[in-house]
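Chemist: what would the 3D arrangement of this be:
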Amino acid sequence: MNPIYVCFSLKSFTSTFTAFDEFEKDYQAVYKPLARFLYTHQSFCFSLAFTGPQLQFLKKKRNEFTVIIKELVERKQVEMLGGGFYAPILPLLFPVDRGGQIDLLSAEIRQTTGKRPRGITLFEDCWDSSLVNSLQTCGIEYTLLESSIIPPNKRKFLPIIMTDFGKSIDIYPYYENLVPESNQTAEDFVKNIVRQVEKVEKKDTYLQYEPERIVNICFSHEQFKELIEKGWFEELSNYLENNETRIITSTPYIYGKKVPSRIQYNVTAGINSSFTKWTDQTVQDVENKQNYPVTVYDFMSSYPQSHKLYNRIMYLSMLVNMYKNDKMRKKAAREKLWQAQNGTALLCATKSKDRQLAYKYLMEAEKILREDSNFKESVICFDYNGDGLGEYVCRMQNYFSYITLTGGAIQELEILKNTGNYADNFSRIKEYDGYSDDYERGLFVDHIFTKDDFDKYISAEPAGDGVFSRIRYSELKFSQNHHEVQLYAEAVFKPTKQKLYLKKKYIINSTGMIIQYILRNDSDKPFNAVFAVENNFAHTNFNPNNITYYNLEVIDNDEKLVIEPDKSTEMLNRKNKLSKVNNIRLTDSESGISFGLEPNENCNFCYYPMIFKRPDFVCNEIIPVHMTFLNTMFWNVEIEPGKETEKTINFTITSVKKVRSKQLNS
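Modeler: Prediction:
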């Protein structure tokens, strides 16, 4: 009777943004019971995966555990699996960052256990053929991948060998459908494994070449905790010892040395099947998704916030890798860059905090490079976000930002104080938020509304088409030396069928920007409408269970007013209040950042906080995931044919004294 090698493995705690107390809880619930079980059942094999911070925590706080693991590794009962040190999405990184993160974790594992890893796990099974070369260069011989990424006709309970440009790697599929249920007995589990293998053996030709099959089963921490608490592994071990069966517990490395056969196949790009549901929520091209496997790129297309963070990571990677002045400074900046590359920040769209923390690490990396005396402020134009158009990237003394031609708006704003991205905004989707915006929110988004449409706008309802918020601007003039960007847009205001021309000029300085608008009526009749400039400031530390609001102050008719930030100004606007505003100040007291908006002439002002909702990770519940503080300056404009009107806004960023969250809550 030919043996079936069953290889159990345990996934790592993938979020490297987790505090040490979470690592401790995980140790008590998962790793301590596992070590106790393996130490007393010497014939039972297991594979373990850790992130770098998780392993460092265990070495520092739970050294007795690492001593036991080292002994288990030495007697070949446990195999350690490698990966990226900070659990990054490896296919999205430059080869130098891929190799660096893999080598860093491999070195940590070797120092801890005495042996370097031969296999690897990938964050949420994000796979791409480009990894073959990188993995082999790092001395990795195989990787585990979820079976859903492998075509059904190649799932033969045998490893797959994939070759790319003369280099090869083994791929061991693991099977989510074979993970035992908590109410499943050990005997039923064994019989099910044997039944599934025999079912495959009857239909393929590999039996005559290789009768020994391998079944990989990978547990999440939740799955393992439930089983270990019920004594399931004890039951399985006793069953295997006292009954004649084909099942033998092993590790992929031991199996690979005994069994030489492989299935030749080039595995296309893919991602864990759990993310299919996430992309289903927002990707509309269902037919395309049925014909092609879902990839990490599909996910980022569904969630622009993730794609923006990825663009920032790639830009910092370029800066760090090109830096040559100081090796120690480069090493410190690269450390922060790698911390920001954690996959939870990119793939967990419901965790705004993780994404904002990644932005903080990236700003810290840039700050380290900027401390070099050679840093100079700059405004340059290149395709920053990979959309085929040039963006205007501003690296100023106190902040980083970029201006896009889409809507002529600012889509990223990070302050040097490492506070996150204040332009990290969502747009509403009707299915979750009640309305759909149909435009990309940002800073200095321009709208033209009829007065009736604007009445809906101040009620936070969709209003008209906004005209300039939904079109692409063109470059009129760009001066790199003077830090000046001039854009223009031409459009037809549909309600009155009048042609309009809008010139928009950014003058960028160390502490903010000056934005000048010139709106011209190119029609043959008078133009009457509402011209609005919308600013969306993202909450960089959003907690739906304990929301802290930014402070909002305005100078209206030479009187200072403190606006309640948890309420909209709709009632004030209906009463014709906030109609002579000449200064606006929004303050993030927790982070110590204040944003000032000063128009050159009095304006009307409206404000409302917006909470965005999205599905949770398992798509069972719609939960609040993000918050934006929207404030809009607007003017009622009357322009004669061929005439124009000019508006200017002085935007400043200043530091203020931080206020503790307890004080804010009170």
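Chemist: could I get the full set of helices for the stretch 101-250 of the chain?
Modeler: Along the stretch 101-250 of the chain, counting by DSSP state H, counting those that start in this stretch, helices occupy 131-137, 186-201, 221-229, 232-242.
Chemist: now do the longest one: everything it contacts.
Modeler: Same thing as helix 186-201. 4, 6, 155-157, 178, 180, 184, 207, 211, 213, 215, 232, 235-236, 238-240, 243, 245-247 (CB atoms under 8 Å, 6 or more residues apart in numbering). Glycine gets a C-beta too; all of them are placed from N, C-alpha and C.
Chemist: which ChimeraX command selects the buried ones in those residues?
Modeler: Selection of buried members from the contacts of helix 186-201 for ChimeraX, criterion 16 or more other CB atoms under 10 Å:
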select :4,6,155,156,157,178,180,213,215,232,236,239,240,245,246,247
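Chemist: can you list which of the contacts of helix 186-201 are found in strands?
Modeler: If you go by DSSP state E, the contacts of helix 186-201 have 4, 6, 213, 215, 247 in strands.
Chemist: rewinding a little: could you single out the most deeply buried of the helices of the stretch 101-250 of the chain?
Modeler: Among those, the stretch with the highest mean neighbour count (mean count of other CB atoms under 10 Å) is helix 131-137, at a mean of 20.
Chemist: distance from that helix to the middle of the chain?
Modeler: Offset of helix 131-137 from its chain centre (CA atoms, centre = their mean, to the nearest Å): 24 Å.
Chemist: likewise for stretch 203-223?
Modeler: The mean C-alpha position of stretch 203-223 is separated from the chain mean by 33 Å, CA atoms, centre = their mean.
Chemist: alpha carbons only: can I get that stretch in CSV?
Modeler: These are the backbone C-alpha positions of stretch 203-223, laid out as CSV (Å, rounded to 0.1, in the frame of the first residue of the first chain):
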residue,chain,number,x,y,z
LYS,A,203,-8.0,9.3,-13.5
ASP,A,204,-4.4,10.2,-14.1
THR,A,205,-1.3,8.5,-15.6
TYR,A,206,1.1,9.5,-12.8
LEU,A,207,0.4,6.5,-10.7
GLN,A,208,2.7,4.3,-12.7
TYR,A,209,5.5,6.9,-12.4
GLU,A,210,5.0,8.1,-8.8
PRO,A,211,2.5,6.2,-6.5
GLU,A,212,3.5,8.3,-3.4
ARG,A,213,1.3,11.4,-3.1
ILE,A,214,1.5,14.5,-1.0
VAL,A,215,-1.4,16.3,0.6
ASN,A,216,-0.6,19.8,2.0
ILE,A,217,-3.0,21.3,4.5
CYS,A,218,-2.4,24.8,5.8
PHE,A,219,-4.1,26.1,9.0
SER,A,220,-5.0,29.6,9.9
HIS,A,221,-4.5,30.5,13.5
GLU,A,222,-8.3,30.4,14.1
GLN,A,223,-8.6,27.0,12.6
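Chemist: give me the mean pLDDT for that stretch.
Modeler: For stretch 203-223, mean pLDDT is 81.
Chemist: stretch 142-153 now?
Modeler: 93.
Chemist: what is the burial count for residue 305?
Modeler: Residue 305 has 21 neighbours, counted by other CB atoms under 10 Å.
Chemist: assign a three-state SS to it, would you?
Modeler: helix (DSSP: H, G, I helix; E, B strand; the rest coil).
Chemist: show me where pLDDT drops low in the stretch 501-650 of the chain?
Modeler: Along the stretch 501-650 of the chain, the parts satisfying pLDDT under 70 run over 617-619.
Chemist: which parts of it are helices?
Modeler: Counting by DSSP H, counting those that start in this stretch, the helices of the stretch 501-650 of the chain are 570-574.
Chemist: and the biggest strand by length in the chain, which strands flank it?
Modeler: As assigned by DSSP E, the longest strand anywhere in the chain is strand 622-639. Take DSSP bridges as the rule and strand 622-639 pairs in its sheet with strand 527-538 (antiparallel), strand 604-615 (antiparallel).
Chemist: can you lay out these as JSON lines showing distance to residue 151 and mean neighbour count?
Modeler: As requested, those are exported to JSON lines (distance: least, CB to CB, whole Å; neighbours: other CB atoms under 10 Å):
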{"stretch": "strand 527-538", "distance to residue 151": "41", "mean neighbour count": "23"}
{"stretch": "strand 604-615", "distance to residue 151": "28", "mean neighbour count": "21"}
